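>>> Fold the following, please.
(one chain, ligands or ions: 1)
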Amino acid sequence: MSFAASVLTLYPEMFPGALGLSLAGRALEAGTWSLEAIQIRDFATDKHRTVDDTPAGGGAGMVMRADVLAMAVDHASPPGDPRPRLLMSPRGKPLTQARVRELAAGPGAVILCGRFEGVDQRLIEARELEEVSIGDFILSGGEPAALVLLDAVVRLLPGVMGNAVSGEEESFESGLLEHPHYTRPQEFEGRPIPDVLTSGNHKKIAEWRRAEAEKLTRERRPDLLRAAPLR
Ligand code: SAH
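Numbering: from 1, shown residues only. The predicted structure is shown next:
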């Protein structure tokens with residue numbers, strides 16, 4: 001069973017974009033996942049193929065129309081489609097590695113990319129869209145956010161990452177940020193690799209990494225420690 005992504009967008013040319021290269025690109029070619037980019041404008045009904053209109057109540061910008069989007073969503077996600085319907089949105093629940101894992105374990109996702117000021121609220125309610133944010137900043141459109149989400153999901157699909165262990169030790173997987181990394185040369189601009197890492201003592205190395213991860217997390221992301229107390 002492969003992960004099936006359908007992306008609804010005004011810019012289908014943005015896909016697969018970066019996901020056509022490297023690990024994700026190879027997995028796409030291998031059929032580990034599939035990607036369908038659907039042009040929302042194809043579902044407009046007037047001769048100008050209008051997808052947006054002025055905001056009710058006035059104000060700047062344009063809003064994507066519920067009726068046009070509903071037809072696009074219904075096309076991508078017909079009744080019985082088991083895939084979650086996501087709307088990329090700065091007002092959504094912040095994306096976490098836990099949610100990424102859930103998505104990767106599922107059949108795929110239908111992802112709606114907003115543009116302009118966003119989408120008509122009635123569409124979100126009527127099609128029960130799950131709003132997902134990739135952080136507290138504003139993008140010009142949902143497409144880069146969808147690429148970010150899919151990148152995070154695809155690397156977890158079976159067979160995509162060569163070394164599965166490295167996935168489990170990643171930042172956030174243990175509730176901590178990851179320890180620092182080093183590689184050759186042994187000395188760089190007067191800075192040596194920490195002795196313990198070249199000692200060959202695997203227990204000491206594991207302890208050092210754990211301590212560094214805790215220290216880094218305490219300094220940079222104390223919120224993670226509060227959310228998941230140390231084992
Ligand atoms: N007026 C909106 C922002 C619209 S930005 C507001 O203030 O909330 C246009 C589109 O970009 C959004 O509809 C959404 O699809 C996407 N977008 C912008 N920032 C995002 C973020 N942080 N996470 C996910 N999607 C985002």
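>>> From now on I want contacts and neighbour counts done on CA atoms only, so please keep to that.
Will do.
>>> Longest helix in this structure, please.
helix 202-220 (DSSP state H).
>>> Tell me the helices and strands packed up against the helix or strand following that one.
For helix 202-220, the following helix or strand on the C-terminal side (DSSP states H and E) is helix 222-227. When contacts are defined as 3 or more Cα pairs under 8 Å, 6 or more residues apart in numbering; DSSP states H and E, helix 222-227 packs onto helix 202-220.
>>> helices or strands next to the helix it packs on in the packing?
Helix 202-220 packs on helix 222-227, going by 3+ Cα pairs under 8 Å, 6+ apart.
>>> lowest-confidence helix or strand of this structure?
helix 164-168 (a mean of 61; mean pLDDT, DSSP states H and E).
>>> Could you list the domains of this protein?
Domain assignment for the chain by automatic domain parsing gives 3-154, 169-225.
>>> export the ones you listed to CSV and tack on mean pLDDT?
Below are these laid out as CSV (pLDDT from 0 to 100):
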stretch, mean pLDDT
domain 3-154, 98
domain 169-225, 96
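>>> Out of those domains, which gets nearest to the ligand?
Nearest of the domains of the chain to the ligand, taken as Cα to the nearest ligand atom: domain 3-154 at 3.2 Å.
>>> What distance separates the opening and closing residues of that closest one?
This stretch, domain 3-154, spans 8 Å end to end (Cα to Cα, to the nearest Å).
>>> In the protein, which strand is the longest?
When the chain is parsed with DSSP state E, its longest strand is strand 85-94.
>>> if we look at that one, which residues are touching it?
Contacts with strand 85-94, where a contact means Cα atoms under 8 Å, 6 or more residues apart in numbering, come from 77, 109-114, 118, 124, 128-138, 142, 145-146.
>>> Okay, now the sheet partners of that strand, with direction.
Sheet pairing here is set by DSSP bridges, and for strand 85-94 it gives strand 108-113 (parallel), strand 130-133 (parallel).
>>> buried ones in that strand?
Neighbour counts over strand 85-94 (16 or more other Cα atoms under 10 Å) mark R85, L86, L87, M88, S89, P90, G92 as buried.
>>> Near the ligand, list only the ones from the contacts of strand 85-94.
Counting by Cα under 6 Å from any ligand atom, C113, G114, G118, S133, I134, G135, D136, F137, I138, G142, A145 from these sit close to the ligand.
>>> Those, buried ones only, as a PyMOL selection?
This is the PyMOL syntax for the buried subset of these, where burial follows 16+ other Cα under 10 Å:
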select buried, resi 113+114+118+133+134+142+145
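>>> dump the residue contacts of the nearest residue to C113 once chain neighbours are set aside.
Spatial nearest neighbour of C113, chain neighbours left out: G142 (4.1 Å); criterion: Cα to Cα, 6 or more residues apart in numbering. G142 makes contacts with M88, S89, L112, C113, G114, R115, as judged by Cα under 8 Å, 6+ apart.
>>> The fourth one and S171: what is the separation?
It stands for C113. The gap separating C113 from S171 is 27 Å, by Cα to Cα.
>>> Likewise for the second one?
Summarising the geometry, the distance separating S89 from S171, computed by Cα to Cα, is 24 Å.
>>> isn't E212 right up against L176?
No - contact criterion Cα atoms under 8 Å: E212 and L176 do not qualify, at 10.0 Å.
>>> more crowded one of the two?
L176 (24 against 16; other Cα atoms under 10 Å).
>>> Report the outermost residue of this protein with respect to its centre.
Distance from the C-alpha centroid of the chain peaks at G190, with 38.5 Å (Cα atoms, centre = their mean).
>>> Could you pull out the buried residues of the longest helix of the chain?
For helix 202-220, by 16+ other Cα under 10 Å, it's I205, W208, R209, R210, E212, A213, E214, K215, L216, T217, R218.
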